[in-house]
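> Output the structure for:
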Amino acid sequence: MRISLRTSIAAATLVLAIAAAACSGSGGTANVVSGAPAGATPTPTPPPGQTPTPTPTPTARPSVTPTPTATPTARPSTTPVPTPTPTPTPLPSPNVYYVADAGTQAVDAFALTASGNVPPVRSIAGGNTGLGYSRRVALDQFGVLYVANAPGVPAAHSITEYGVASNGNVAPIRTISGSNTGLTGADGMYIDASNQLYVANCTLCTNSSGTADSVLVFASGANGNVAPARTISGSNTQLAGTTNVWLDASGRILVTSSSASPAILIFAAGSSGNVSPTTIINGPSTTIAEPECVVTDSANNVYVCSTATNSILEFAAGASGNVAPIRTLSGGATGLNSPTELRFASDGTMYVANAASAAITVYAPGWSGNTAPVRTVQGPSTSLTTPIGLSLSP
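Take a look at the predicted model:
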């Protein structure tokens with residue numbers, strides 16, 4: 001039988017529709033409507049007899065206002081704070097004392113309990129040290145050692161300083177020396193609570209090249225060829241043979257004068273220039289002869305090394321004029337022989353340097369009269385030959 005073209009096309013169309021419905025119902029890929037714009041969402045063709053499900057209109061997401069990015073708060077401008085210089089911590093009381101020996105040009109340290117012919121526990125000596133006729137030694141509150149050097153002409157007198165526990169042939173950390181310093185007869189020293197350095201400058205002492213006695217006061221940290229911050233000097237001062245200097249608890253300045261009229265001259269605190277002493281201890285009743293040291297205790301009692309009489313004299317606080325000492329250490333049993341310096345330990349024990357016998361003699365508290373020392377440091381192992389200066393922790 002002959003099938004017409006129209007019938008054939010209709011049959012083919014029906015077959016295609018049935019195939020498309022089968023694919024749609026089984027989740028197949030939907031036909032794309034011819035003529036749809038490129039990129040449009042394809043519209044699925046429903047199976048025959050099924051009402052097409054409308055494509056839901058997508059719910060618009062709510063508009064969100066973006067949160068603005070916070071502007072960072074600028075840190076306030078600050079001026080840099082300089083790092084403070086650390087304050088040195090005061091050292092505890094040491095277990096040694098220091099001796100300046102002019103003969104060996106050295107500073108030796110001995111244990112507080114040393115006795116007999118014993119070597120020093122430390123010694124500063126040698127060409128690097130700058131020591132020369134090392135006459136006196138002082139120790140400040142931070143453990144720094146100061147040494148007064150009085151070498152012969154033409155060498156310059158100086159104050160050399162050494163760090164804590166220095167030992168051997170070490171260079172000083174500071175040196176005060178030169179024409180501006182006024183040091184021509186460097187002798188006894190005292191360091192006050194502000195680390196100002198007081199120096200007795202003597203015209204009658206060994207190796208002196210000066211023409212006028214004085215007390216020179218250097219600022220804390222002074223170094224090099226620096227002028228003193230102030231000077232006590234002039235005819236009104238009555239200074240002559242100025243071997244040592246000390247400050248008492250009230251800041252008064254006590255100075256030894258080893259002239260033809262030996263005396264202890266006392267100046268007001270902060271004195272400067274050609275000033276008169278406020279108090280003088282001198283006269284035959286004092287028995288002072290060639291005073292080499294002056295020291296006070298916490299009660300302001302005054303102690304004097306009377307070198308020519310081989311004695312230690314104690315005067316009452318406030319003593320003035322031609323007064324007798326309230327206590328004297330003197331006599332053959334004492335072992336004193338040209339005493340030049342004394343210091344007290346915290347327990348009241350007294351240490352004395354004896355230049356003529358090359359010995360350190362030690363006395364228990366309560367000494368008086370012809371009292372023997374409880375210990376003596378002396379002998380070749382000590383290396384002592386001319387011990388003039390002695391110092392303990394202040």
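
> Pull up the gap between residue 215 and residue 153, please.
22 Å (C-beta to C-beta, to the nearest Å). Every residue, glycine included, has its C-beta placed from N, CA and C.

> Sorry, wrong one. I was asking about residue 348.
The gap separating residue 348 from residue 153 is 42 Å, by C-beta to C-beta.

> can you check residue 299 too?
Counting by C-beta to C-beta, the gap from residue 299 to residue 153 is 42 Å.

> which stretches of the stretch 51-200 of the chain form strands?
Secondary structure of the stretch 51-200 of the chain (DSSP state E, counting those that start in this stretch): strands at 96-101, 106-111, 122-124, 134-139, 145-149, 158-162, 174-177, 186-191, 197-201.

> As JSON lines, these with mean pLDDT, mean neighbour count and distance to residue 295 would be great.
Listed next are the strands of the stretch 51-200 of the chain as JSON lines, based on pLDDT from 0 to 100; neighbours: other C-beta atoms under 10 Å; distance: least, C-beta to C-beta, whole Å:
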{"stretch": "strand 96-101", "mean pLDDT": "97", "mean neighbour count": "26", "distance to residue 295": "14"}
{"stretch": "strand 106-111", "mean pLDDT": "98", "mean neighbour count": "22", "distance to residue 295": "19"}
{"stretch": "strand 122-124", "mean pLDDT": "97", "mean neighbour count": "21", "distance to residue 295": "24"}
{"stretch": "strand 134-139", "mean pLDDT": "98", "mean neighbour count": "27", "distance to residue 295": "12"}
{"stretch": "strand 145-149", "mean pLDDT": "98", "mean neighbour count": "27", "distance to residue 295": "16"}
{"stretch": "strand 158-162", "mean pLDDT": "98", "mean neighbour count": "23", "distance to residue 295": "20"}
{"stretch": "strand 174-177", "mean pLDDT": "98", "mean neighbour count": "20", "distance to residue 295": "23"}
{"stretch": "strand 186-191", "mean pLDDT": "98", "mean neighbour count": "27", "distance to residue 295": "10"}
{"stretch": "strand 197-201", "mean pLDDT": "98", "mean neighbour count": "27", "distance to residue 295": "13"}
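
> To residue 249, which of these lies closest?
Counting by C-beta to C-beta, residue 249 lies closest to strand 186-191 out of those; the figure is 13.0 Å.

> The closest one pairs with which strands, and in what direction?
Sheet partners assigned to strand 186-191 using DSSP bridges are listed as strand 197-201 (antiparallel).

> And residue 215 and residue 153? Which one has more around it.
Neighbour count, other C-beta atoms under 10 Å: between residue 215 and residue 153, residue 215 has more, with 25 against 10.

> List the beta-bridge partners for the residue lying closest to that one once chain neighbours are set aside.
Once flanking residues are discounted, residue 215 sits nearest to residue 232: 4.2 Å by C-beta to C-beta, 6 or more residues apart in numbering. According to DSSP bridges, residue 215, residue 273 are recorded as the beta-bridge partners of residue 232.

> ok, now residue 294?
Beta-bridge pairing for residue 294 (DSSP bridges): residue 304.

> I figured it hits residue 306, correct?
No. Using C-beta atoms under 8 Å, residue 294 makes no contact with residue 306, being 10.6 Å away.

> Counting neighbours, go ahead and name the busier of those two.
Set side by side, residue 294 and residue 306 show more neighbours around residue 294, with 29 against 24, by other C-beta under 10 Å.

> quick one, what contacts the more buried one?
Shown in contact with residue 294 (C-beta atoms under 8 Å, 6 or more residues apart in numbering): 244, 245, 246, 254, 255, 256, 264, 302, 303, 304, 305.

> Mind doing that once more with 7 Å?
Residue 294 is in contact with 244, 246, 254, 256, 264, 302, 304, counting by C-beta atoms under 7 Å, 6 or more residues apart in numbering.

> did I read that right, the fourth one in a strand?
Yes. Using DSSP: H, G, I helix; E, B strand; the rest coil, the assignment for residue 256 is a strand.

> Tell me, how many residues neighbour the closest residue to residue 348 other than its chain neighbours?
Take residue 348 and drop its neighbours on the chain: the residue closest to it by C-beta to C-beta, 6+ apart is residue 365, 3.4 Å away. Burial of residue 365 is recorded as 10 neighbouring residues (other C-beta under 10 Å).

> Look up how far residue 236 lies from residue 365.
Distance, residue 365 to residue 236, by C-beta to C-beta: 39 Å.

> for residue 277, same thing?
On the measure of C-beta to C-beta, residue 277 and residue 236 end up 9 Å apart.

> what bits of this protein have low per-residue confidence?
By pLDDT under 70, the weakly predicted segments of the chain are 1-94, 394.

> which residues in it form helices?
In the chain, the helices defined using DSSP state H lie at 5-25.

> thinking again about what came up before, make CSV from the strands of the stretch 51-200 of the chain and add distance to residue 376 to it.
Below are the strands of the stretch 51-200 of the chain laid out as CSV (distance: least, C-beta to C-beta, whole Å):
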stretch, distance to residue 376
strand 96-101, 13
strand 106-111, 12
strand 122-124, 19
strand 134-139, 20
strand 145-149, 24
strand 158-162, 27
strand 174-177, 34
strand 186-191, 23
strand 197-201, 28
